[in-house]
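1. A structural model of the following input is requested.
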Amino acid sequence: MLITLTLNEAKLVQYNETIRQINKDYPDWNKPEVTTLDQKFIPYNKFSAYADWDTFIVLQQDYRKDFEGIYVCPLNGNHSLELLTNYREAKNYKSPIYFRDYGVADNASQVMDYYDELFSKHFDYMSVKKFIILLNPIFRKSQPEYGGWRWHKWGPYIGVHDIKCEYLYNEEGIDYVYAFKILEVEECN
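-> A predicted model of the protein is given here:
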């Protein structure tokens with residue numbers, strides 16, 4: 001089942017103490033402190049409401065409304081999970097979805113459909129476990145002319161675009177995608 005993350009205030013204090021010490025030791029780094037969980041894990045509804053979608057080619061509008069448990073975060077956002085919440089990644093390599101829990105999509109609705117398919121196929125397992133979904137937006141305009149983000153490195157593409165190039169930068173008719181991870185989590189202190 002998908003869960004909602006909440007900030008652990010005591011962990012936030014420790015996290016910010018660490019950030020202050022790192023900033024003191026490495027002044028050029030200048031990493032900002034965190035005051036809300038949204039700075040690391042933005043609920044998808046909030047991200048989607050504030051994004052300026054008129055400036056992008058939107059291949060498919062979200063057709064679902066409930067995105068509880070879906071967060072927009074940087075790549076490897078899972079590493080901040082235990083530092084700020086009462087959850088950590090459950091590194092369950094024997095999970096029936098372990099090799100199917102990531103990919104690329106055009107929107108969160110497609111990812112929810114994919115999650116629902118996995119849930120249906122692996123109901124006995126997933127109905128007793130906890131999950132969140134992490135989305136990382138990849139924007140074509142921020143890609144370098146050579147190299148950059150490639151489709152095949154991030155799992156199956158479940159969107160509607162007809163992929164013609166190896167690199168997102170070279171594609172036409174698409175401005176962004178989401179790399180996603182369905183993350184099994186477990187409670188921790």
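2. Not counting stretch 15-33 itself, show me its contacts.
-> Residues outside stretch 15-33 that contact it (Cβ atoms under 8 Å, 6 or more residues apart in numbering): 34, 39, 83-84. C-beta: built from backbone N, CA, C; applies to glycine.
3. Which two of those have the greatest separation?
-> Spanning the widest gap among those are Gln39 and Leu83, at 12.2 Å by Cβ to Cβ.
4. Neighbouring strands of the longest strand belonging to the chain in the sheet, and parallel or not?
-> Counting residues, the longest strand in the chain under DSSP state E turns out to be strand 176-187. Partners of strand 176-187 in the sheet, by DSSP bridges, are strand 87-89 (antiparallel), strand 102-105 (antiparallel), strand 130-139 (antiparallel).
5. hey, which of those strands is tucked in deepest?
-> strand 102-105 (a mean of 21; mean count of other Cβ atoms under 10 Å).
6. can you give me how far that strand is from the chain middle?
-> Here strand 102-105 is found 10 Å from its chain centre; the criterion is Cα atoms, centre = their mean, to the nearest Å.
7. what is the mean pLDDT for it?
-> For strand 102-105, mean pLDDT is 97.
8. And for stretch 2-10?
-> For stretch 2-10, the per-residue pLDDT averages 96.
9. Quick check: buried residues in it?
-> Judged by neighbour count using 16 or more other Cβ atoms under 10 Å, the buried positions of stretch 2-10 are 2, 5, 7-8.
10. Tell me which two of those sit farthest apart.
-> Pairwise across the buried residues of stretch 2-10, and taking Cβ to Cβ, the largest span is found between Leu2 and Asn8, at 19.2 Å.
11. quick one: the helices in this protein?
-> With DSSP state H as the criterion, the chain has helices at 9-25, 44-50, 78-84, 108-121, 123-126.
12. so which of those helices gets nearest Val177?
-> helix 108-121 (10.2 Å).
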